[in-house]
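K.L.:
Build me a model from this:
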Amino acid sequence: MQGFANQDAVLTTISSRKATFFSRSRSTLWTKGETSKNFINIHDIFLDCDRDSIIYLGKPDGPTCHTGSETCYYTSVSDLQEQQVEGSKLALTTLYSLESTISQRKVELAAAQSGKPSWTRRLLLDNHLLCSKIREEANELCQTLEENEDKSRTASEMADVLYHAMVLLAVKDVKIEDVMQVLRQRFSQSGIEEKSSRRSEG
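P.N.:
Down below sits the predicted model:
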């Protein structure tokens with residue numbers, strides 16, 4: 001893995017023998033593994049020739065990468081294009097799976113099936129509640145930027161926005177593929193060209 005370390009972080013690493021870094025966004029020290037318990041036990045520290053970067057040599061207690069991989073450096077540049085394609089497929093599969101679940105809840109409602117009580121069913125039955133939740137979640141997403149919250153918080157809020165927005169799509173009988181098609185069209189031209197085309201269509 002790679003991280004930023006100031007003098008205090010290096011000194012803490014030397015004394016604790018645990019890989020410690022400095023978070024510039026939070027202005028505080030943090031030790032790898034303090035949450036996951038996958039500490040990196042440091043055996044030695046090496047300086048480069050210019051003394052502006054260092055290497056922590058150590059043995060991890062578990063996966064070093066937050067993805068669960070042993071190392072953060074698991075992507076070969078030669079395979080990068082293929083990896084990106086696979087990642088795109090995974091992202092789409094997740095969205096399609098969510099769409100399928102939401103659609104199933106809608107079918108159950110239309111067929112007057114009891115089904116299990118769920119938040120999705122409540123949203124499908126109440127347009128006012130659904131729209132208020134989308135506005136609420138979108139506002140909370142913006143707050144993660146305005147209040148400089150961490151990346152995990154932003155990802156969580158974005159997931160909430162996506163979920164509630166996809167329920168709205170189901171209510172309107174709009175498929176996620178329809179949205180993807182619009183995005184593909186927009187990304188095939190510059191933003192200025194795309195906006196101009198929308199004005200001309202209007």
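K.L.:
how close does His6 sit to Thr13?
P.N.:
Small correction: residue 6 is Asn, not His. Asn6 sits at a distance of 11 Å from Thr13 (criterion: C-beta to C-beta, to the nearest Å). For glycine as for every other residue, the C-beta is placed from the backbone atoms N, C-alpha and C.
K.L.:
Who has more neighbours out of those two?
P.N.:
Ranked by neighbour count (other C-beta atoms under 10 Å), Asn6 and Thr13 place Thr13 first, with 23 against 12.
K.L.:
what about the strands in the protein?
P.N.:
20-23, 28-31, 40-47, 54-60 (DSSP state E).
K.L.:
Partner strands of the last one and their direction?
P.N.:
If you go by DSSP bridges, strand 54-60 pairs up with strand 40-47 (antiparallel).
K.L.:
ranking the strands of the chain by burial, who's on top?
P.N.:
Comparing these by mean neighbour count (mean count of other C-beta atoms under 10 Å), strand 20-23 ranks first with a mean of 19.
K.L.:
Give me the distance between it and the centre of its chain.
P.N.:
Mean C-alpha position of strand 20-23 versus that of the full chain (C-alpha atoms, centre = their mean, to the nearest Å) differs by 22 Å.
K.L.:
For it, name the packing helices and strands.
P.N.:
Judged by 3 or more C-beta pairs under 8 Å, 6 or more residues apart in numbering; DSSP states H and E, strand 20-23 is in contact with helix 7-16, strand 28-31.
K.L.:
just the CA coordinates of the first one, formatted as PDB?
P.N.:
Just to be clear, that refers to helix 7-16. The C-alpha coordinates for helix 7-16 follow below in PDB (Å, rounded to 0.1, in the frame of the first residue of the first chain):
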ATOM      1  CA  GLN A   7       7.800  13.000  10.900                       C
ATOM      2  CA  ASP A   8       5.400  12.100  13.700                       C
ATOM      3  CA  ALA A   9       4.000   9.200  11.800                       C
ATOM      4  CA  VAL A  10       7.500   7.800  11.200                       C
ATOM      5  CA  LEU A  11       8.500   8.300  14.800                       C
ATOM      6  CA  THR A  12       5.300   6.500  15.900                       C
ATOM      7  CA  THR A  13       6.000   3.700  13.500                       C
ATOM      8  CA  ILE A  14       9.600   3.300  14.900                       C
ATOM      9  CA  SER A  15       8.300   3.200  18.500                       C
ATOM     10  CA  SER A  16       5.200   1.100  18.000                       C
END
